[in-house]
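With the input below, show me the fold.
(2 chains, ligands or ions: 1)
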Amino acid sequence: MSTPDLLYSEAEDDLRAAVRSLLTDRCPAPAVLAQAESDRPYDPAVWRALGAEMGTAGLLVPDKLGGQGATAREVAVVMEELGRAVAPVPYLTSAVLAVSALLGCDTDEDAVARLLRELAGGRTTGTLVLPLPGTPGEELPPATVRSGREGTLSGEVRGVAGTLGAELLLVPADGPGGYGLYAVTATDPGVTVTALTSLDLTRPLATVTLDRAPARRVAEADRARSALRRALLTGAGLLASEQLGVAEWCLTEAVRHTRERHQFGRPIGSFQALKHRMAALWLELVSARAAARHAADALATDSPDIEVAVAVAQAYCGEVAVHAAEECVQLHGGIGMTWEHPAHLYLKRAKSAEIALGTPGRHRQLLAGLVDLPAPTG
Amino acid sequence: MTTARDRTAVDAPELRRRVRALLDAHPPADTGRLDFLRARFDAGLAWVHYPAGLGGLDAPRSLQAVVDAELEAAGAPDNDPRRIGIGLGMAAPTILGFGTDEQRARLLRPLWTGEEVWCQLFSEPGAGSDLAALGTRAVRDGDGWVVDGQKVWTSSAHLARWAILIARTDPDLPKHRGITYFVCDMTDPGVEVRPLRQITGEAEFNEVFLTGVRIPDSHRLGEVGEGWRVAQTTLMNERVAIGGGRIPREGGMVGLVATTWRDRPELRTHDLHQRLLRLWVDAEAARLAGERLRQQLALGQPGPEGSAMKLAFARLNQELSALELELLGEEGLGYDDWTLRRPEHVDFTGREAGYRYLRAKGNSIEGGTSEVLLNIIAERVLGLPPEPRTDKDLPWKDLPR
Ligand SMILES: Cc1cc2nc3c(=O)[nH]c(=O)nc-3n(C[C@H](O)[C@H](O)[C@H](O)COP(=O)(O)OP(=O)(O)OC[C@H]3O[C@@H](n4cnc5c(N)ncnc54)[C@H](O)[C@@H]3O)c2cc1C
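Sure thing, here's the model as predicted:
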């Protein structure tokens, strides 16, 4: 195994600066809260600027398929920034999960190549219709959607992220036509997307109901399964970077607040009880950054260590993000309990993200097998 | 003042006899809820450790459970304690400890029956953990006071008839010494209550603006300038009220998670199993510690040890509700309702898992943050030296702001 590159390249720093400046401008906390209170799942203008105009939607897609031909490392940097802003954009679901699933299909096939081209341009938004939580490395959930012989899909999938506002649905289905991954147009009359009330206000879930919806198969049987597994693995690995971004904002904000807020005639950040807590959080972030970078690099280089890298990143970063968000609320006192202050948006994102692609406990359990630390028997 | 010896006069059999007499005279089935509650208060069975004539019988506090169990078995209505927690847990012991006979007679009965809801006007935007820094002013005006200032995070202010209020009466004194404690009429035209929405979606607490609010001097609790000492009674009781209620094994948050665990075998994992067992043990040990504390405190006011219960309660509520979300998985990613509402009562274990997780975050902030409580234990229980302070002896008006 070669030594992973855990640093940020200059190009990655530039990408970060561009994404951050866009989000600072277009996605400040009050706008995120207003967005979350609206009926729209995200602001299409912000998503267009980020995905299409800046070209981040196609980072994982090769040049010849209309993408940027970049790697998971660059995507991870975008994810960090999106986490830092709790930006309500369908980046993880479209540019990571849907794109990775299609990249796992036969990209020489016209239909697959065409869909990838659309997603890479950021003009079409897609998602993978898998129920959350879904843990990479565990058995795929049995498909609740049936494929009919006449090429249509029927069934229901609950708890899917990124469907509200998406045009392309990638649906795993089973049936007489065999197991496969199917492409469905969300605007088809056979498709109903019902919003669910979600804990994460900035990444709402929905139930997808298909009633003889016309579908085109993009991968069959084992190919479909491996594409899904790869998508989940990529999603989980890159979610760690988003969790890092969430944690970073929370620590930065806690530090800022405790420097400014005075009680007992001094800044509350001058109390060692609080100082040490924030210093300890910073230590967690040091390791979280390394673990997230490691997962991104392993995905980018297709390292043989990829499964361990992703499980470590998820087992570690998920908890760090939640811890940072919980500390951020606590160190703000009463203000941190208010709807008006953005801390709760991060708390809700962090707790949901910790569950969505496998809890840290599940990832530790996977590691038991991967690194040969078996559970006690008997 | 009653002594420990007087209290032995009323024992459990005697209480059972009195409960039967109450039930005979006012059969719950044929008595209106309020009439029954008033009769119960007048029979001294509201809070048996309170003095006779004020809803009690000077009996040991621990015997309350006997009365509660008998009345529950008889299907008698209760006073919906979740709705009036601030009155029962904080205002009442303070009124009992510092009120005049007139104040006790006027205020305690409707407080206990729930006819009058209470709220607590303590915290201010600039005075949370450092409550003694508060700036709301009360100025003498004839036989009363005129109050101006802003309070914040006031739970139940939108429902309250009365508030316990602390305000600054002498800005020339050091901050702990120039405070006076009042009972504030929330229907005064100078009181304005604005809802503040919480991370749960609800507006459980409020901002309260006080503009030229008139308070008669007869509504002062304790001496002028003694407000900080009076407030200590409220705060100690608040901490016991939040964390110290008597609960059965698996009462509260741990019971909810245990039930989900038993009912939903398909959700179980090894990791969550170990965590749940650990928290179960912590919850049981904390419950026993609470029970033991109550036995020690059979009479008298709670001391700083009471803070330990609130600390344990906050941590357990937070960790258990977090575990429940992970256990539930798909359902844990959902939420029941974000609608902005002004709830009638506060229920830490109510609604669904997402609500409980978010609401539990407040448990380590309300009623004194966990950090402040740890400081209290370090300094007042362990006797560790306090942090060097520059703000204690300066006149309040000269403090840097
Ligand atoms: C749900 C809820 C309900 C409430 N209801 C009421 C109510 O009905 N009436 C009322 O009067 N108030 C109420 N409060 C207010 C509550 O008492 C205050 O929020 C609390 O005392 C903290 O004050 P603060 O919000 O100003 O935070 P701050 O005092 O600014 O504290 C911010 C952070 O600094 C820490 N900190 C402060 N000082 C120290 C120190 N010396 N050492 C170490 N750490 C320190 C705190 O622990 C906290 O983490 C409620 C609060 C909540 C969350």
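
quick one, domains of the chain?
As the question left the chain open, I've gone with chain A. A:10-91+A:100-124, A:145-220, A:224-370 (automatic domain parsing).

Not quite, go with chain B.
B:10-78, B:81-241+B:388-401, B:243-367.

among those, which gets the worst mean confidence?
Sorting those by mean pLDDT places domain B:243-367 lowest, at a mean of 91.

Which residue is it, in the stretch 101-250 of chain B, that comes closest to the ligand?
Relative to the ligand, the nearest point of the stretch 101-250 of chain B is B:G128 (1.7 Å; Cβ to the nearest ligand atom). Any C-beta I mention is one placed from the backbone N, CA and C, and that applies to glycine too.

For chain A, what's the nearest residue on chain B?
Going by Cβ to the nearest Cβ, chain A is nearest to B:D271 of chain B, at 3.1 Å.

Quick one: residues contacting that residue.
A:T359, A:P360, A:G361, A:R362, A:R364, A:Q365 (Cβ atoms under 8 Å, 6 or more residues apart in numbering or on different chains).

go with 6 Å
By Cβ atoms under 6 Å, 6 or more residues apart in numbering or on different chains, B:D271 lies in contact with A:G361.

With B:A74 instead?
So B:A74 contacts B:L23 (Cβ under 6 Å, 6+ apart).

Please report the distance of it from B:W47.
18 Å (Cβ to Cβ, to the nearest Å).

Which strand in chain B has the most residues?
The residue-count maximum for a strand in chain B (DSSP state E) belongs to strand B:205-216.

I meant chain A, not that one.
strand A:205-220.

got the angle for whichever helix or strand comes after it vs strand A:205-220?
Downstream of strand A:205-220, the first helix or strand assigned by DSSP states H and E is helix A:221-260. When axes from the mean of the first three to the mean of the last three Cα atoms, to 10 degrees is applied, the directions of helix A:221-260 and strand A:205-220 differ by 140 degrees.

roughly how far is helix A:221-260 from the heart of the chain?
In this view, helix A:221-260 has its centroid 6 Å away from the chain centroid, taken as Cα atoms, centre = their mean, to the nearest Å.

Could you do stretch A:161-180 as well?
18 Å.

again, but for stretch A:197-215
On the basis of Cα atoms, centre = their mean, stretch A:197-215 sits 16 Å off its chain's mean C-alpha point.

which SS class is the closest residue to A:L59 other than its chain neighbours?
With sequence-adjacent residues excluded and distances taken as Cβ to Cβ, 6 or more residues apart in numbering or on different chains, A:L59 is closest to A:A70, at 4.2 Å. When classified by DSSP: H, G, I helix; E, B strand; the rest coil, A:A70 comes out as coil.

try A:A11
helix.

Chain neighbours aside, what residue packs nearest to it?
Nearest to A:A11 is A:E74, by Cβ to Cβ, 6+ apart, at 7.4 Å.

Need phi/psi at residue 26.
I went with chain A, as the question did not name one. phi -100, psi -10 (degrees, to the nearest 10).

Sorry, I should have been clearer: chain B.
Taking degrees, to the nearest 10 as the convention, B:H26 sits at phi -140, psi 70.

Now do the contacts for it.
By Cβ under 6 Å, 6+ apart, the neighbours of B:H26 are B:F36, B:A39.

repeat that with 7 Å
B:D35, B:F36, B:A39 (Cβ atoms under 7 Å, 6 or more residues apart in numbering or on different chains).

I'd like to check what contacts the host helix or strand of the second one. Which residues are they?
Assigned by DSSP H and E, B:F36 belongs to helix B:33-42. Applying Cβ under 7 Å, 6+ apart, the contact partners of helix B:33-42 are B:22, B:25-26, B:28, B:46, B:55, B:76-77, B:79, B:109, B:112-113, B:115.

what would these look like in a markdown table with distance to B:I376?
Output for the contacts of helix B:33-42, formatted as a markdown table (distance: Cβ to Cβ, whole Å):
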| residue | distance to B:I376 |
| --- | --- |
| B:L22 | 40 |
| B:A25 | 46 |
| B:H26 | 43 |
| B:P28 | 42 |
| B:A46 | 30 |
| B:G55 | 30 |
| B:A76 | 38 |
| B:P77 | 37 |
| B:N79 | 30 |
| B:R109 | 33 |
| B:W112 | 29 |
| B:T113 | 33 |
| B:E115 | 34 |
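
that older thread, tell me which of the domains of chain A sits most buried.
Mean neighbour count (mean count of other Cβ atoms under 10 Å in any protein chain shown) peaks for domain A:224-370 among those, with a mean of 22.

how about that one, does it reach chain B?
Yes: Domain A:224-370 is in contact with chain B by Cβ under 7 Å from any Cβ of the partner chain, via A:263-265, A:273-274, A:329-330, A:333-334, A:337-340, A:344, A:351-352, A:355-356, A:359, A:361-362, A:364-365.

From B:Q274, how far out is the most far-flung residue of chain B relative to its centre?
Most distant from the centre of chain B: B:E266, at 38.7 Å, with distances by Cα atoms, centre = their mean. Noted for B:E266: a distance of 18 Å to B:Q274, by Cβ to Cβ.
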